[in-house]
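Chemist: make a model of this:
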Amino acid sequence: MKYIQLIDQARAHGVATEKKMMEAMEQLSCDLASLEETNPELYWCILRHQHAVFYDRHYSEKMANHDVCHLAYSKKGENGELAGTGAHWTKSQIVNATKGMKFHDKVNDWDKYVAFNAMYADLCSDMTEDEIIKAAYLFYFQDVDWQPEEDDCTKIWDYMSAHAMM
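Modeler: Residues are numbered from 1 along each chain as shown. Presented below is the predicted three-dimensional model:
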């Protein structure tokens, strides 16, 4: 049986009340928590799919922080080790740096936070901060052949989701 079949059956029998649905979500959350321990890749895949449904493939604070915390910089240190991980810029710094740029109405500050930090992580060994800001804007938010008109999500969501599945 699939989970949706269980829900549909409960609806058909009139037992899928708001209270029961909340109880079911709480139980599923507990079950997922145990999965996080045993199979974190699958856990985050499920959470990413659920997040995409709720937020239309835009970032919220928690998912943005998760993805940014897992960024690894392309720049290497003196001994060949990674020069850094995580956020280079805060959300406030990104908002300030991009205040003159035009974004789709649905783009939020967390989308920007992930996009600009992801681009920094990828290009910090070869480009200045100003060049990275411009490149991230053009790549993630101005790529007209990527964004279908009927879809309001951001390229950064799809890019990071594809990266997470690798």
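Chemist: below-threshold pLDDT in this protein: ranges please.
Modeler: For the chain, applying pLDDT under 70 flags the ranges 146-152, 165-166.
Chemist: now do the helices in it.
Modeler: Under the criterion DSSP state H, the chain contains helices at 3-12, 18-38, 40-55, 61-69, 91-97, 109-123, 129-136, 155-164.
Chemist: which of the ones you listed is buried the deepest?
Modeler: Most buried of the helices of the chain by mean neighbour count (mean count of other C-beta atoms under 10 Å) is helix 109-123; its value is a mean of 24. Bear in mind the C-beta positions are built from the backbone N, C-alpha and C, glycine included.
Chemist: show me what it is in contact with.
Modeler: With contact meaning C-beta atoms under 8 Å, 6 or more residues apart in numbering, helix 109-123 is reached by 58-61, 63-64, 67-68, 71-74, 84-91, 94-95, 97-98, 103, 129, 131-133, 135-136, 139-141, 154-157, 159-160.
Chemist: ok, stretch 65-76 next?
Modeler: 44, 59, 82-88, 113-114, 117-118, 120-126, 160, 164.
Chemist: circling back: any idea which of the helices of the chain gets closest to D145?
Modeler: helix 155-164 (10.7 Å; C-beta to C-beta).
Chemist: tilt between the closest one and helix 129-136?
Modeler: Counting by axes from the mean of the first three to the mean of the last three C-alpha atoms, to 10 degrees, helix 155-164 points 90 degrees away from the direction of helix 129-136.
Chemist: just to revisit the earlier point, export the helices of the chain to TSV and tack on distance to E78?
Modeler: TSV is the format used below for the helices of the chain (distance: least, C-beta to C-beta, whole Å):
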stretch	distance to E78
helix 3-12	51
helix 18-38	36
helix 40-55	31
helix 61-69	24
helix 91-97	27
helix 109-123	19
helix 129-136	21
helix 155-164	27
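Chemist: distance of D109 relative to F116?
Modeler: For D109, the distance to F116 (C-beta to C-beta, to the nearest Å) stands at 10 Å.
Chemist: before we move on, what about Q5?
Modeler: Distance from Q5 to F116, by C-beta to C-beta: 42 Å.
Chemist: endpoints of stretch 105-114, how far apart?
Modeler: From its first residue to its last, stretch 105-114 covers 17 Å (C-alpha to C-alpha, to the nearest Å).
Chemist: from the chain's centroid, how far away is it?
Modeler: Computed by C-alpha atoms, centre = their mean, to the nearest Å, the separation of stretch 105-114 from the middle of its chain amounts to 10 Å.
Chemist: repeat that for stretch 19-28.
Modeler: The mean C-alpha position of stretch 19-28 is separated from the chain mean by 25 Å, C-alpha atoms, centre = their mean.
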